[in-house]
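> Let me see the structure of the following:
(3 chains)
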Amino acid sequence: MTRSTSAKSAPRAPRAAGKGHGERRAPYLFLLPAVALFVLFFALPVGYALYLSLRTVEVQGLGLGSGARREVWAGLSNYADALADPELAAGALRVLGYGLIVVPVMLGLALLFALLLDADRVRGRSFARLGIFLPYAVPGVIAALLWGFLYLPDVSPFHFALGELGLPRPDLLDGGPLYGALANIAVWGGTGFNMIVIYTSLRAIPAEVHEAARLDGCSQVQIALRVKIPMVVPSLVLTFFFSVIATLQVFSEPTTLKPLTNTISTTWSPLMKVHRDAFAEGDVHTAAATAVVLAVVTLVLSFGFLKAVGSRARQGESR
Amino acid sequence: MNNRTAALCAATVLAAAALTGCGSSEDSGASGPVELTYWAWAPGMDKVVALWNEEHPEARVTVKKQAGGDDLVTKTITAARAGEAPDLVQAEYQALPTLVGNDVLADISGEVGDAEKEFAPGVWQQVTLGTDAVYALPQDSGPMMFFYRQDLFEEYGLSVPTTWEEFAEIARAVKKKAPEKDLTTFSSNDAGLFAGLAQQAGARWWTTEGQKWKVAIDDDATRKVAEFWGGLVAEGVVDNQPMYTPAWNKALNTGKQIAWISAVWAPGTLTTAAPDTRGKWAMAPLPQWEKGANVTGSWGGSTTAVTNDSEHKAVAAEFATWLNTDPEALAALVREGGIHPAAKAAQTGDALKEAPEFFSGQTDFYQRAAEIAEGTAPAAWGPNVNVAYSAFKDAFGKAARNRSDFGAALETVHERTVADLEKQGFEVAK
Amino acid sequence: MTPTAPALSPAPAPTAPRAPRRTAVPATVALALGALYCLLPVAWVLIAATKSGRELFSTFTFLPGTGLVENLTELSAYREGVYWRWMANSALYAGVGAVLSTAVSALAGYALAVYRFRGRETVFDVLLTGVLMPPVVLAVPQYLLLAEAGLADTHLSVLLPSILSPYGVYLARVYASAAVPRDVVEAGRMDGAGEWRIFGSLALPMMLPGLVTVFLFQFVAIWNNFLLPYIMLGDDEKFPVTLGLFTLLQQGSNTPALYTLVITGALLAVAPLIVLFLVIQRFWSLDLLSGAVKS
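Model prediction:
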C-alpha cells in the first residue's frame, strides 16, 4: 500500500502498478458521509457554542417586554466568570474523587470478567456474558431510579436485611458513601460494555499463541498475565480513554439521584453546572464558556494520554 | 450479500423519505382553519381542549403534553430563540417575569377584554407584572393550607395548630409521643413551598423602584420563616429529607409523617403518594404568625400565555380567555385536571361543590378553601426566580442536611440572586 | 445461544475441547457473582413491575406483587396508549439510526484502515474529538441549527444528529484493520474490481461481526438517549420511550410520579434490548476473525 503513487490518470485501469484513480479517490468518498455529518452536527454546533461563549446578554431597565434584552460581545468575560466560580473547581474535585473509584474498579472488573470469559473450562459463559452486559441496556434515567429505590433507607432491601441482622445501616446517599453509591451505578452500567470490548480483542488473539504458551507449561493465570493482557493493551487504552472522558462528563447518575437527597447540589459535577446555567438559569453564555473550558481540559488530558501511549494504541494497523 | 445490502439501503431510503414526510406535514397551509399548539403539563388538558375544538372548528388547538413547569420554561425559551415557540404555553406565575424578560410572551391586553374582573386583584397583578400589559391569563391558584392525619392527631391527643408557635409545640409533642415519627419534613427540593411560607409572613422578594429591581430575599419576614424552620430541623423535631421521593411517599403512606404543609391541590398528590390513608386526612388553615389572622401564601398555580411566535395571537388569546373564564371550561378543568381555578366565580361555583374524594370526611373542603384563599398574600416575582430557586435548593439542601444555620443559607440565596441580576446588567436598588 | 447455569458437574466444556475435563470452579463462580450483581437490579424491576401502587412501598422489595396485569392495562390506557407510540418511536430512532450509523462507521472505518492517504490520521483524530464535547453542550446549538433548517420538533431532528458516532468509527476502523487483510483487497484490485465493489462484496462480509457490535452499541445508545430528544421535541407523540418515562416521573407538583407506571414501562422498554442482545449473541459466537487471514 505504500508504493509510490503514479500521477498517471488512467481512468478505470483494470489493474495498475500505482494507485488507480478510483483507489485515490475512494477513501475520501468513503469518508464523506462521516465528515459531512461531523461538520453539520459536531463542528458547526461547537463553533456556535464558541460564538455563544463570547457573547452576553445586556438588559435595559427592568428587563421586561420586547427589546429589553440585547446580545452583545462579551470578550472573554464569560471565561473569567466561569473560571472564577469556586463551584467549578469544587465540582472538578468531586468528579476526581468519583473517577478515582469508577475507572479502576470498572476497568479492573471488565478485564477480569473478559479474561474469565476467555479462560478454559468456564461454565455458563453466555449466561454470564449476557448478564454482565445487560445493565448497559438500561437507560440512565431508569438505572438511577432503580438504584435510588435500592439505596433509600426507607425502601431499601439491603437496609431491611442489615436491620434484621442488627448491623449498622449506613446512609448511602450522604457524605462519603455517596461517592460509592454514585460510582456503583456507573460501574454497574459500564462494566459489561468494556468487558465486551476487551473480550472481543481477546478473541482476536490467534489460538496458536495460547497453544505455544500452554506447551511451555504456563498455567491459565500465567497465560492471562503474560500473554493475553499485553496483547489487549490497545483495547485497555481505548476503554481507559473513553472511561475517563465519560467520567469527566458524569451527569446523568448524580442528576437523577439528586431529587432523593440533599447531598447532591445542582453543581455537583462541572457538567451539572453547565446544565444548570444553561437550562435552569437560562444563561447559555456562561454555560457555553464553562463547556469550552471542560472540553479543552478533556482534550488536553486525553490527547496527552493518547500521545503517551500512541504508538501502542495504533499498532493494530501499522503491521 | 449484495441483495441484502441493497434491500437494506432501500429500506433506509424509504424510512428517511417517510420521516421527511412527517416533518413537512407539520406546517399547515394559509387557508383552512387556524391551527394552534399548546404546551401544557396539567393532566387531562387535552380533554378540556377537545370541548373547545368541538365548538370552534375554525381554530383547532392541539395540546402537546410536557414534563412539568420548570422544564417547560427552559424549552419554551430555547424554542423562542429559534422562533419555534408554540402558540400557547402553560406557565407558572413565578416564571412569567423570566419569560417576559426573554421576550417570549405577547402582550394580550388588547385581546382579553374585561377578563380582569374575573380574578382577585392579587392574582391579576401577577400576570401584568405591575405594568399595563397583560402577559397571561390566570388558570389555577395554590393557596396554602395545613393538611394533617386526623386519626393520628386524635390518637396522640394533639390539637390543630393555629399559630406557628403551636405548630412547633406539636412537632415536639409528636417526637415525645412517638420518637420514630415526625410531624412533617422541611424539604429543600421545591423552593415554591418556602416562597409561599415567606409570602405568608409578609415577604416581597422582588419589587421595582423606578427602573431598578429591588431584591429582598433576606428581609425580616423571610428570615423569621427561615430561622423558625432551621430551629425545628436543628432540634430534630421535624425531618430534613426532601419531598416527592419514594421514601417520602412511604412516610406519608405509613403515617411516619403525620402532616404536610401544602396547597389546595394536595388531595391529588396524596391520592397517588399515600393511597392507604384515604379518608384519614383533614385540612385546616395554615398556622398564623399572629393569632386570629387569616393570611396564607401561594404554592404552585399556573397561567395560560400567548407567545410572540404565534401567528394567530388574537385567536390564541381568545382561547386562553375561554379556557380560564368560561364556566364550562372551568368545570372541565376541575373535573379532568383536579385544579383549583383562579377565576373567582368558579371557586364557589358548582364545579367545586363536592369535596375531593380523598377528603370525603370534610364535606366543606372547597368552601373552606375559598375562605382561606381570600387571605392570600400578594406574590412578588422578579426576572431571575429560576436563579434564586436553584440557589435555594443548594444552600438549604446543605443547611438541612447539616442541620445548620438557615439564616446563613438565606443570605447565600439573596447574594447569589443579586449578583446574577447585576451580572445580567440590571440595575439593582440597594 | 445456550444459557447454561453455572454447574459443577464434570461435563466437558464444549468451547474448549482440548482442555482438561474439569470446570474451573473459581472462575465460574466469579463470573456467576458478576452476573448476579448485574442482574439483581434488573430482577428488582421485574418484581416491582408486578406490584400495585399500594404494594410498591409497603411490601418487602423482592416479594412479587399482584398488580402486573393491572399495571400493564393502566400503562396501555395512559393517555390513549401513548406509551406504545413512544416504543414505536424509539424503535424507529434506534433502528434506522443504528443502521445508518453502522453504514457510516463501516465506510469511514474501512477507509481509515485500508487506505493510505494524506490527512488520514488528522481526519481520524478530528472525528474522535467528537466524543470530547459533552452532549449537554452540543444539544442547544444543534437545536438552534436544526430549527434554522426547519427541522425542530420532527423525527429527523432526533435521527440526524444520532447518525455519526465517533466511537463507532473507531471500532469499525479497529475491526477493519484486524479483519480485512490487505492482500485480499489487493487481490480484488488485481481481478479488476472497483473500490466500491471490493468494499461491498469482500470487506463488508469480513467486517460483519464487528459491525454487528457497532450496530448494537449504537442501537442501545440511541434507544437510551435522553437529552437530545428532550431538547429537540415538543410533541409527545414523537417522544422516544426514555423521554416519555421521564415525563411520567416529572408530573409536576400536583400529581407525583406515577412510579408503578414508570417501572412497568421501564421493564417493557428494556425488553426489546434484551431480545436484541440474544439475537446478536449468535453473531458474536462467530469468531470475530474466523474468516480473516492471519498475517
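> where are the low-confidence patches of the chain?
Reading this off chain A. Within chain A, the segments meeting pLDDT under 70 span A:1-21, A:65-66, A:309-319.
> Chain B is the one I meant
B:1-31.
> so which residue of it comes closest to chain C?
Closest residue of chain B to chain C, CB to the nearest CB: B:A82 (3.2 Å). Every C-beta, even on glycine, is put in place using the N, C-alpha and C of the backbone.
> Low-confidence regions, the stretch 51-200 of chain C specifically.
Residues of the stretch 51-200 of chain C that meet the cut-off, pLDDT under 70, sit at C:57-58, C:61.
> Contact residues of it facing chain B?
Counting by CB under 8 Å from any CB of the partner chain, the stretch 51-200 of chain C comes close to chain B at C:53-54, C:56-58, C:79, C:92, C:96, C:99-100, C:103, C:140, C:143-144, C:147-148, C:150-156, C:159, C:200.
> Equivalent analysis for the stretch 151-300 of chain A, please.
So the stretch 151-300 of chain A meets chain B at A:152-155, A:174, A:259-263, A:265-267, A:276, A:279-282 (CB under 8 Å from any CB).
> ChimeraX command to pick out the buried ones of those residues?
Selecting only the buried entries of these in ChimeraX, with 16 or more other CB atoms under 10 Å in any protein chain shown as the criterion:
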select /A:152,153,154,155,259,260,261,262,263,265,266,267,276,279,280,281,282
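> Quickly list the domain ranges of chain B.
The record's domain split for chain B, according to automatic domain parsing, is B:3-141+B:299-363, B:143-297+B:380-429.
> and these as JSON lines, adding distance to C:G244?
Listed next are the domains of chain B as JSON lines, based on distance: least, CB to CB, whole Å:
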{"stretch": "domain B:3-141+B:299-363", "distance to C:G244": "10"}
{"stretch": "domain B:143-297+B:380-429", "distance to C:G244": "18"}
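> Need those in CSV (columns: mean neighbour count).
Output for those, formatted as CSV (neighbours: other CB atoms under 10 Å in any protein chain shown):
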stretch, mean neighbour count
domain B:3-141+B:299-363, 19
domain B:143-297+B:380-429, 20
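> The stretch 151-295 of chain C: helices as residue ranges?
Under the criterion DSSP state H, counting those that start in this stretch, the stretch 151-295 of chain C contains helices at C:155-163, C:166-179, C:182-190, C:195-197, C:204-224, C:227-232, C:241-249, C:259-285.
> Would you mind putting those helices into TSV with distance to B:P143 and mean neighbour count alongside?
What follows is the helices of the stretch 151-295 of chain C, written out as TSV (distance: least, CB to CB, whole Å; neighbours: other CB atoms under 10 Å in any protein chain shown):
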stretch	distance to B:P143	mean neighbour count
helix C:155-163	41	24
helix C:166-179	53	24
helix C:182-190	76	16
helix C:195-197	71	17
helix C:204-224	42	23
helix C:227-232	33	23
helix C:241-249	27	25
helix C:259-285	28	19
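> And the contacts of the helix or strand that contains A:V209?
A:V209 is part of helix A:207-215, with elements assigned from DSSP states H and E. Residues outside helix A:207-215 that contact it (CB atoms under 8 Å, 6 or more residues apart in numbering or on different chains): A:Q222, A:I223, A:R226, A:V227, A:M231.
> Chain neighbours aside, what residue packs nearest to the residue in the stretch 101-250 of chain A positioned nearest to chain C?
Of all residues in the stretch 101-250 of chain A, A:G131 sits closest to chain C, at 3.2 Å by CB to the nearest CB. Using CB to CB, 6 or more residues apart in numbering or on different chains and skipping the chain neighbours, the partner closest in space to A:G131 is C:A35 (3.2 Å).
> residues near the one you found, how many?
22 (other CB atoms under 10 Å in any protein chain shown).
> hmm, back to that, would you mind saying which of the helices of the stretch 151-295 of chain C lies nearest B:G425?
helix C:227-232 (26.8 Å; CB to CB).
> Give the other helices and strands that the closest one contacts.
helix C:135-148, helix C:155-163, helix C:241-249 (3 or more CB pairs under 8 Å, 6 or more residues apart in numbering or on different chains; DSSP states H and E).
> and which of the contacts of helix A:207-215 is nearest to A:L40?
A:M231 (38.4 Å).
> Quick one: residues contacting that closest one.
A:S201, A:L202, A:I205, A:V209.
> mind putting the helices of the stretch 151-295 of chain C in TSV, distance to B:A419 included?
Below are the helices of the stretch 151-295 of chain C laid out as TSV (distance: least, CB to CB, whole Å):
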stretch	distance to B:A419
helix C:155-163	35
helix C:166-179	38
helix C:182-190	62
helix C:195-197	60
helix C:204-224	38
helix C:227-232	28
helix C:241-249	32
helix C:259-285	38
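> Which of those sits closest to B:W322?
The nearest among those, by CB to CB, is helix C:241-249 at 26.2 Å.
> could you say what helices and strands the closest one packs with?
Against helix C:241-249 (3+ CB pairs under 8 Å, 6+ apart) you get helix A:140-151, helix C:82-114, helix C:204-224, helix C:227-232, helix C:259-285.
> Right, I'll leave it there.
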